[in-house]
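1. Need the 3D shape of this:
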Amino acid sequence: MNKVLQLNEKDNVAVALTFIPAGATVRAGGNEICLQEAVKAGHKFALVDIPAGADVIKYGFPIGTATTTIQRGQWVHSHNLHSKLGSLQEYSYRPQAPTSLPEEEGSFFPGFRRNDGQVGVRNEIWIIPTVGCVNQLAENLARLAQERLGDVPGVDGFYALKHPYGCSQLGEDHRNTQRLLASLCLHPNAGGVLVLGLGCENNNVQEFREVVGQRDNQRIKFLVAQEAEDELARGLTSLKELAEYASLFRREPCSVSELKIGLKCGGSDAFSGITANPLVGKVADRLVACGGTAVLTEVPEMFGAETILMGRAKNQEVFWQIVGLINGWKQYYLDHGQPVYENPSPGNKEGGITTLEEKSLGCVQKGGTAPVVDVLAYGERCREKGLNLLSAPGNDLVSSTALAAAGCQLILFTTGRGTPLGTCVPTLKISSNSQLYQRKKAWIDFDAGVLLTGKTLDQLTEELWKLIMAVAAGRKRACNEEMGSREIAIFKTGVTL
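-> Below you'll find the model as predicted:
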């Protein structure tokens with residue numbers, strides 16, 4: 001009999017794990033069902049007759065309403081299912097009993113402890129432009145430094161973090177650019193940072209120094225290109241000094257409680273919420289149990305599942321912060337005349353995801369079951385250990401960069417469709433299905449699809465944990481590092497002058 005899965009006993013739909021032709025008989029919900037239509041892998045079919053206007057239930061929660069009567073055995077997708085999401089909502093504080101996570105102590109990995117107490121998993125030299133006008137100069141400096149200084153012991157490479165902003169921006173856009181770049185300057189994966197300015201930009205070096213604030217002057221240096229007769233020579237001198245300083249750091253035993261791991265998904269399919277995201281959620285819970293920090297972002301992909309996170313707020317203050325986070329992003333959509341539910345991409349829909357609620361209920365599983373301890377604004381750095389929510393959009397590169405700026409030393413990135421993307425920290429790609437892993441081994445670091453073919457969630461959690469520890473210890477590089485995929489992107493919403 002064909003393989004199908006009912007995810008929750010409350011569900012009135014089930015998911016096909018493989019392609020199932022019309023007329024085939026399947027067993028789900030305790031009954032045998034004859035499919036009236038062919039159903040592709042990852043797509044849904046009705047377990048019972050669902051009247052027009054009734055809720056369609058998956059993961060135990062509504063994922064939208066039927067736009068017409070859906071008969072038992074019929075395919076359920078965008079032709080007969082629509083989102084229930086609309087404008088802003090009011091919420092009530094209804095705390096749930098906190099999940100008891102088993103405490104785990106004594107776990108260590110070899111990391112780089114910085115003078116400010118932070119711990120890095122890489123010892124790189126970063127060149128951070130204050131403005132996009134010097135991007136090519138930054139890239140040239142990184143290339144020349146790698147050629148001439150690449151043999152400095154203990155230094156993991158020279159990298160330019162290019163972006164298009166830093167000038168012709170006003171208000172919140174300007175502040176967002178400054179906050180995000182300043183947070184990256186303080187990231188512990190960088191043993192040294194060269195801040196490279198042009199000299200006439202809005203985000204000029206003199207102003208940007210104040211945004212960065214207190215710093216290790218041996219670890220962060222500044223260069224204004226217009227003020228240097230030979231900016232390449234001056235830049236290489238600064239990079240040599242930074243590399244020599246970074247080489248003084250050595251890996252030493254560091255508690256896993258020092259790790260901050262970002263949680264991200266992109267190019268999702270319907271298996272993401274069944275395999276990869278629950279797996280990452282188990283890892284997030286284990287990290288929190290060790291005293292570490294997990295950071296969940298992509299706020300628009302929480303719409304429809306936000307009450308799950310609100311119920312896990314550690315107190316009423318954090319609850320209201322989550323309410324502000326959710327409604328703030330909904331207002332952003334409404335201010336631009338856009339519907340709040342228009343999120344699943346063509347690839348998401350092809351993979352079986354129909355509505356934003358369905359995508360969100362799968363997405364938030366990456367956050368595990370731990371209490372939410374804090375809510376971070378865009379560009380802010382983590383303040384509290386535990387599960388944090390971070391304000392950023394669903395866009396893969398923008399949100400991945402925001403996770404890095406928050407202090408995450410590495411990111412767990414689940415995907416069902418595949419992507420080579422990576423940001424300035426190791427970005428471990430976890431496939432929701434084994435076909436993707438087999439087809440794109442240069443992109444994908446870990447296969448969560450084996451959960452559908454016999455591996456248990458506990459077994460796979462242990463395997464992924466070991467991979468994370470190997471990457472954190474420098475014994476293994478993520479696929480994005482091997483491919484050189486390490487871009488950054490900055491969130492923008494306002495006027496460009």
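
2. what are the phi and psi values for Q321?
-> Backbone dihedrals for Q321, given as degrees, to the nearest 10, come out at phi -70, psi -40.

3. partners of the residue lying closest to it once chain neighbours are set aside in the sheet?
-> Excluding its sequence neighbours, the residue lying closest to Q321 (C-beta to C-beta, 6 or more residues apart in numbering) is V375, at 3.9 Å. (Glycine included, C-beta is placed from N, CA and C.) Here V375 sits in beta bridges with L389, as judged by DSSP bridges.

4. burial of V375, as a residue count?
-> For V375, the count of nearby residues is 23 (other C-beta atoms under 10 Å).

5. same check, this time on L198
-> When neighbours are defined as other C-beta under 10 Å, L198 has 22 of them.

6. Phi first, then psi, for it.
-> Dihedral pair for L198: phi -90, psi -50, per degrees, to the nearest 10.

7. For it, give its distance to T496.
-> When C-beta to C-beta, to the nearest Å is applied, the distance between L198 and T496 equals 17 Å.

8. My read is that S247 contacts D151, right?
-> No. Under the criterion of C-beta atoms under 8 Å, S247 is not in contact with D151, lying 10.5 Å apart.

9. quick one, what contacts T237?
-> By C-beta atoms under 8 Å, 6 or more residues apart in numbering, the contact list for T237 is empty.

10. who has more neighbours, S247 and D151?
-> S247 (15 against 8).

11. Please report the number of neighbouring residues for the closest residue to the more buried one other than its chain neighbours.
-> Once flanking residues are discounted, S247 sits nearest to G154: 4.5 Å by C-beta to C-beta, 6+ apart. Here the count is done by other C-beta under 10 Å, and G154 has 14 residues near it.

12. that's a helix at G154, yeah?
-> No. Residue state for G154 (DSSP: H, G, I helix; E, B strand; the rest coil) corresponds to coil; a helix is not indicated.

13. Enumerate every residue touching it.
-> Contact analysis of G154 by C-beta under 8 Å, 6+ apart lists N123, A246, S247, F249, R250.

14. any idea of the pLDDT on the residue lying closest to the last one once chain neighbours are set aside?
-> Of all residues not flanking R250 in the chain, G154 sits nearest, at 6.7 Å (C-beta to C-beta, 6+ apart). The predicted local distance difference test score for G154 is 95.

15. quick one: G154 from E241, how far?
-> From G154 over to E241 (counting by C-beta to C-beta), the distance is 15 Å.

16. again with K385
-> Here the criterion is C-beta to C-beta. By it, K385 lies 34 Å from E241.

17. the more surrounded of these two?
-> Set side by side, K385 and E241 give different neighbour counts by other C-beta under 10 Å, the larger being at K385 (19 against 14).

18. what residues are up against the more buried one?
-> For K385, the contact set (C-beta under 8 Å, 6+ apart) comprises S257, V288, G291, G292, T293, V373.

19. Does the last one touch L389 like I think?
-> No. At 9.2 Å, V373 does not count as touching L389 under the criterion of C-beta under 8 Å.

20. the more surrounded of those two?
-> L389 (26 against 21).

21. Residue ranges in this protein under the pLDDT threshold?
-> Across the chain, residues meeting the criterion (pLDDT under 70) sit at 1-2, 105-106, 342-343.

22. circling back: gap between the residue nearest to Q321 and L403?
-> The separation that V375 has from L403, given C-beta to C-beta, amounts to 14 Å.

23. repeat for R475
-> Between R475 and L403 the distance is 23 Å, computed by C-beta to C-beta.

24. again with C185
-> Spatial separation of C185 from L403 under the definition C-beta to C-beta is 16 Å.

25. just Q169 next, same as before
-> In this structure, Q169 and L403 are separated by 22 Å, where distance is defined by C-beta to C-beta.

26. Please say which of the two ends up with more neighbours.
-> Between Q169 and L403, counted using other C-beta under 10 Å, the more crowded position is L403 (27 against 23).

27. My read is that H163 contacts C133, right?
-> No. With contacts defined as C-beta under 8 Å, H163 does not count as touching C133, sitting 11.0 Å away.

28. quick one, which of these two is more surrounded?
-> Comparing H163 with C133 by other C-beta under 10 Å, the one with more neighbours is H163, at 21 against 17.

29. residues touching the more buried one, list them.
-> For H163, the contacting residues are P129, G132, N135, T177, L181, I488, A489, I490, taking C-beta under 8 Å, 6+ apart as the criterion.

30. Swap in 10 Å and give it another go.
-> Applying C-beta atoms under 10 Å, 6 or more residues apart in numbering to H163 gives the contacts 128-132, 135, 138, 177, 180-181, 184, 401, 487-490.

31. Helices of the stretch 351-497 of the chain, start to end?
-> Counting by DSSP state H, counting those that start in this stretch, residue ranges of the helices within the stretch 351-497 of the chain are 356-363, 396-405, 434-439, 457-472, 479-483.

32. re the thing from before, return every residue with contacts to both of V373 and L389.
-> Overlap of the contact sets of V373 and L389 (by C-beta under 10 Å, 6+ apart) consists of A313, V318.

33. I figured L397 hits G422, correct?
-> Yes. At 9.2 Å, L397 and G422 qualify as touching, with contact defined as C-beta atoms under 10 Å.

34. tell me, which strand in this protein spans the most residues?
-> Using DSSP state E to assign secondary structure, the strand with the most residues in the chain is strand 190-197.

35. tell me the domain boundaries of this protein?
-> Using automatic domain parsing, the domain ranges for the chain come out as 4-82, 124-248, 256-483.

36. Can I get these in TSV including distance to N115?
-> Compiled in TSV, the domains of the chain are given as follows (distance: least, C-beta to C-beta, whole Å):
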stretch	distance to N115
domain 4-82	46
domain 124-248	5
domain 256-483	14
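
37. quick one: the residue nearest to Q321 from H174, how far?
-> 23 Å.

38. tell me, what residue is most central in this structure?
-> K264 (2.3 Å; C-alpha atoms, centre = their mean).

39. what is that one paired to in the beta sheet?
-> Note on K264: beta-bridge partners by DSSP bridges are F413.

40. And the helices in the stretch 1-150 of the chain?
-> Assigned by DSSP H, counting those that start in this stretch, the stretch 1-150 of the chain shows helices spanning 135-149.

41. which residues of it fall in strands?
-> Counting by DSSP state E, counting those that start in this stretch, the stretch 1-150 of the chain forms strands over residues 4-5, 13-16, 25-28, 31-34, 44-46, 55-58, 61-66, 75-76, 81-82, 108-113, 119-120, 124-129, given from the N-terminal end onward.
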